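Visitor: everything below, folded, please.
(2 chains, ligands or ions: 2)
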Amino acid sequence: MFAIFGEDFVLNLEFMQRAYLIGILIAVMAPAIGVIIVLKRLSMIGDSLSHASLAGVAFGLISGLNPIIGATVFSIAAALGIEKIRRAFPKYSEISIAVILSAGIGLAGVFSGFVKNGFSLTSYLFGSIVAISDFEFGLIVTLGIVVILTVILMFKELFFITFDEEAAQLAGVPVKGINFIFMVLTAVTIAVSSRVVGVLVISSLLVLPSASAIQIAKSFKQTVVYSVLYGMLSIITGLTLSFYLNLVPGGTIVLISVVLLVLTLLYKNLVKGLLFRRVLNQEKTRV
Amino acid sequence: MEKVIEVKDLSFGYGERLVLENLNFSVERGDFVGIIGPNGSGKSTLIKLLLNIVKPLRGEINILGQSIEKFNCWSKIGYVSQKANSFNTAFPATVEEVVSANLYSKVGLFKRINKEHKNLVYDALKTVGMEDYKDKLIGNLSGGQQQRVFIARVLVSKPEIMFLDEPTVGIDARTEGALYCLLGKLNSEMGITIVMISHDIGAMTVHANKIACMTNKQIIINQNSKEFINSSLRDVYGYDVNLQVPRHFCENCCMKEGK
Ligand SMILES: Nc1ncnc2c1ncn2[C@@H]1O[C@H](COP(=O)(O)OP(=O)(O)OP(=O)(O)O)[C@@H](O)[C@H]1O
Ligand SMILES: [Mg+2]
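Guide: Ligands and ions are numbered 1, 2, ... in the order given. Modelled structure (predicted):
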């Protein structure tokens, strides 16, 4: 593949091919889930689940369980915990998120004291693209595809519930079931992303592409499509830059997302300004 | 006349305190019932009971001839809630997407909207006069326009009964008049039974054919809204209510004239 570019061209290296493939999967999963999280005003949920994932990673490193499996189990448990606690405080969904966030940080902190190789835990904080094993690669790809297919299948119901849960319930949408599945999908997305993007970064990747997309989209469908495109652009550029400049991938990806958001806001204001000026000119000529 | 809603000995309370006590009433097909009453008298609660959102403490509710626990034809029932106009206005969804949502149970889980469904959405928007706005973001419409979109969302599933909880809050008098006329038209031309809560007693006496007053955990249905006069309002509200039947309401309207 890409023979003309020589052996050390980025796409000819097997570990980079894997990183790109996983990156693209994450670029579809995270923003698609993220749009719904942002619109449900649950942006903090990403932080909460990612810290639980970190506790899972640490647990995996101590016990010899694969860290991604550890992260997935802890993340799903945390997501279900949030739903449980939320029922105790129906009007304050932030409380349940904060409680689980604290528990996640606490556990991760305590577990980290037992992890022998400090480097391996830090690589899960900001992500890493080197040496993804066959097993991990297969696991991430399988889970990623399952998440993406489920979101596509439930897409319109997710939209209805996000827009108006009460009306969805009355119209016969199985709201409870779909909310449950969605929480599990969110948990899996965050756990799976922790390897390449890092747990400190993944929650930004849920929120930033959606934030940019909401600025310019003219429908819900467009919002989802645009946020996936923003996610792709950030992740692919981020992985490439981190390979050539030897940067930490997670950090690079998030910085690019922030830059894209700022550019989008500038663009929007510019367009608004131009439109406004044109309207003013028209008014003048009319007078 | 066929009774589409039948309530027998219905009681309900949040916790210990009863909000509704031993209600008995029925609504017939084609009725336009206006529910009035002071704040906290249980109007919204009654509608939530009729929608099975909350369950009765005692008593029986029949919807379209079926006991509410067994009733499973909720697509025949439409609901425009009190907070429909306080949704997240920054939500990036088009008018068409919002209205389509109520077709999802008809479309089926895992399936997509097709041309036929889009036509149904267009027809519903046309009924409320919003078809030109179908590609606009819902958040960019005015309050009155949004309210009409929410009515279209209910209409798209071709309901037999429509419940509306204060749909005219925050809407100017002229738009409000148009909304009442629209509801009158849905009622008289399409035969949809309408049960609507409003504090606008004057408009209710014009457009509704029955007025239901809620007070002291009870409901009193006046079979003829025209006979409904100030003296009975004092019993309901406990003070003199200055009843004005606004004449300007129907200036653009094909329907009844305010009298
Ligand atoms: N979720 C709830 N929990 C506890 N009490 C409630 C709840 N909702 C309503 N109530 C109480 O039940 C009573 C009836 O409330 P409801 O909302 O039905 O009144 P309403 O007639 O619709 O008033 P409004 O005109 O202000 O809309 C009120 O006294 C209220 O305090
Ligand atoms: Mg109310």
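Visitor: following element in sequence after the helix or strand where A:T150 lies, please.
Guide: Using DSSP states H and E, A:T150 maps to helix A:134-153. Note on helix A:134-153: by DSSP H and E, the next helix or strand toward the C-terminus is helix A:155-163.
Visitor: so how far is that following helix off the chain centroid?
Guide: Remark: helix A:155-163 is offset 19 Å from the chain centroid, using CA atoms, centre = their mean, to the nearest Å.
Visitor: re earlier: any residues touching the helix holding A:T150, and which ones?
Guide: Helix A:134-153 is contacted from outside by A:18, A:21-22, A:25-26, A:28-29, A:32-33, A:66, A:68-69, A:72, A:132, A:158, A:181, A:185, A:188-189, A:192, A:195-196, B:109-110, using CB atoms under 8 Å, 6 or more residues apart in numbering or on different chains. Every residue, glycine included, has its C-beta placed from N, CA and C.
Visitor: pretty sure A:I181 contacts A:L158?
Guide: No. Look at A:I181 against A:L158 with CB atoms under 8 Å: they stay out of range, at 9.4 Å.
Visitor: okay, these two: which has more neighbours?
Guide: Comparing A:I181 with A:L158 by neighbour count (other CB atoms under 10 Å in any protein chain shown), the higher total belongs to A:L158, at 27 against 17.
Visitor: ok, and the closest non-adjacent residue to the more buried one?
Guide: A:I36 (5.7 Å; CB to CB, 6 or more residues apart in numbering or on different chains).
Visitor: please apply the same query to B:K48.
Guide: Nearest one to B:K48, counting by CB to CB, 6+ apart, is B:V54 at 4.8 Å.
Visitor: SS state for that neighbour?
Guide: Classification of B:V54 using DSSP: H, G, I helix; E, B strand; the rest coil returns coil.
Visitor: ok, it touching B:I47?
Guide: No. Using CB under 8 Å, B:V54 is not in contact with B:I47, being 9.9 Å away.
Visitor: who has more neighbours out of these two?
Guide: B:I47 (21 against 15).
Visitor: count of residues packed around the closest residue to chain B within the stretch 1-150 of chain A?
Guide: Using CB to the nearest CB, the closest approach of the stretch 1-150 of chain A to chain B is made by A:L39 at 6.2 Å. A:L39 has 22 neighbours, counted by other CB under 10 Å.
Visitor: which ones among the contacts of helix A:134-153 map onto helices?
Guide: Members of those lying in helices (criterion: DSSP state H): A:18, A:21-22, A:25-26, A:28-29, A:32-33, A:68-69, A:72, A:158, A:181, A:185, A:188-189, A:192.
Visitor: could I have the ChimeraX command that selects the buried members from those?
Guide: Entered in ChimeraX, the line below selects the buried ones among those, by 16 or more other CB atoms under 10 Å in any protein chain shown:
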select /A:18,22,25,26,28,29,32,33,68,69,72,158,181,185,188,189,192
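Visitor: residues in chain A within reach of chain B, list them.
Guide: Within chain A, the residues that sit near chain B (CB under 8 Å from any CB of the partner chain) are A:39, A:41, A:153-154, A:156-157, A:159-160, A:163-164, A:166-174, A:213-214, A:217-223.
Visitor: now do 7 Å
Guide: A:39, A:153, A:156-157, A:159-160, A:163-164, A:166, A:170-173, A:214, A:217-220, A:223 (CB under 7 Å from any CB of the partner chain).
Visitor: where does the prediction get shaky in chain A?
Guide: Within chain A, the stretches with pLDDT under 70 are A:1-8, A:118-119, A:131, A:283-287.
Visitor: which residue ranges of it form helices?
Guide: Taking DSSP H as the criterion, chain A carries its helices at A:14-39, A:45-63, A:67-88, A:93-112, A:118-126, A:134-153, A:155-163, A:165-170, A:175-193, A:199-216, A:220-244, A:249-286.
Visitor: tell me which of the ones you listed sits nearest to ligand 1.
Guide: Nearest of the helices of chain A to ligand 1, taken as CB to the nearest ligand atom: helix A:165-170 at 13.0 Å.
Visitor: hmm, that closest one touching ligand 1?
Guide: No. Helix A:165-170 is not in contact with ligand 1 by CB under 6 Å from any ligand atom; minimum separation 13.0 Å.
Visitor: so for that helix, what gets flagged as buried?
Guide: A:166-170.
Visitor: hang on, the earlier thing: from the residues of chain A next to chain B, list just the buried residues.
Guide: A:39, A:156-157, A:159-160, A:163-164, A:166, A:170-173, A:214, A:217, A:219-220, A:223.
Visitor: what separation do you get for the closest residue to B:K136 other than its chain neighbours and A:N12?
Guide: Distances taken as CB to CB, 6+ apart place B:V95 nearest to B:K136, at 5.6 Å, with adjacent residues excluded. Counting by CB to CB, to the nearest Å, the gap from B:V95 to A:N12 is 50 Å.
Visitor: who has more neighbours out of those two?
Guide: B:V95 (27 against 14).
Visitor: can you tell me how far that one is from B:G15?
Guide: Counting by CB to CB - B:V95 and B:G15 are separated by 40 Å.
Visitor: do the same with B:V80
Guide: In terms of CB to CB, B:V80 sits 28 Å off from B:G15.
Visitor: the more surrounded of these two?
Guide: Per other CB under 10 Å, whichever of B:V80 and B:G15 has more neighbours is B:V80, with 20 against 6.
Visitor: contacting residues around the more buried one?
Guide: Counting by CB atoms under 7 Å, 6 or more residues apart in numbering or on different chains, B:V80 touches B:150-151, B:154, B:164-165, B:167.
Visitor: do the same with A:T223
Guide: A:35, A:213-214, A:217, B:92.
Visitor: what's around the residue nearest to A:T72 when sequence neighbours are not counted, how many residues?
Guide: Using CB to CB, 6+ apart and skipping the chain neighbours, the partner closest in space to A:T72 is A:A191 (4.1 Å). Residues within reach of A:A191, counting by other CB under 10 Å, total 32.
Visitor: likewise B:P167?
Guide: Around B:P167 there are 23 residues (other CB under 10 Å).
Visitor: any idea how far B:F71 is from B:Q147?
Guide: 27 Å.
Visitor: go on, B:T193?
Guide: Counting by CB to CB - B:T193 and B:F71 are separated by 15 Å.
Visitor: so those two - more neighbours on which side?
Guide: Neighbour count, other CB under 10 Å: between B:T193 and B:F71, B:T193 has more, with 23 against 16.
Visitor: what sits closest to the more buried one if chain neighbours are left out?
Guide: In space, B:T193 is closest to B:I161, 4.6 Å off (CB to CB, 6+ apart).
Visitor: doesn't B:E28 make contact with the one you found?
Guide: No. B:I161 is not in contact with B:E28 according to CB atoms under 7 Å; the separation is 11.0 Å.
Visitor: can you show me the helices along chain B?
Guide: Under DSSP H, chain B gives helices at B:43-50, B:95-100, B:104-107, B:115-127, B:143-155, B:173-189, B:201-207, B:230-237.
Visitor: would TSV of these with mean pLDDT be doable?
Guide: Shown next, in TSV, are the helices of chain B (pLDDT from 0 to 100):
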stretch	mean pLDDT
helix B:43-50	94
helix B:95-100	94
helix B:104-107	79
helix B:115-127	91
helix B:143-155	88
helix B:173-189	85
helix B:201-207	83
helix B:230-237	63
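Visitor: for those, which one sits closest to ligand 1?
Guide: Checked against CB to the nearest ligand atom, the stretch from the helices of chain B lying closest is helix B:43-50, at 3.2 Å.
Visitor: the closest one near ligand 1 anywhere?
Guide: Yes. Interface with ligand 1: helix B:43-50 contributes B:43-45 (CB under 6 Å from any ligand atom).
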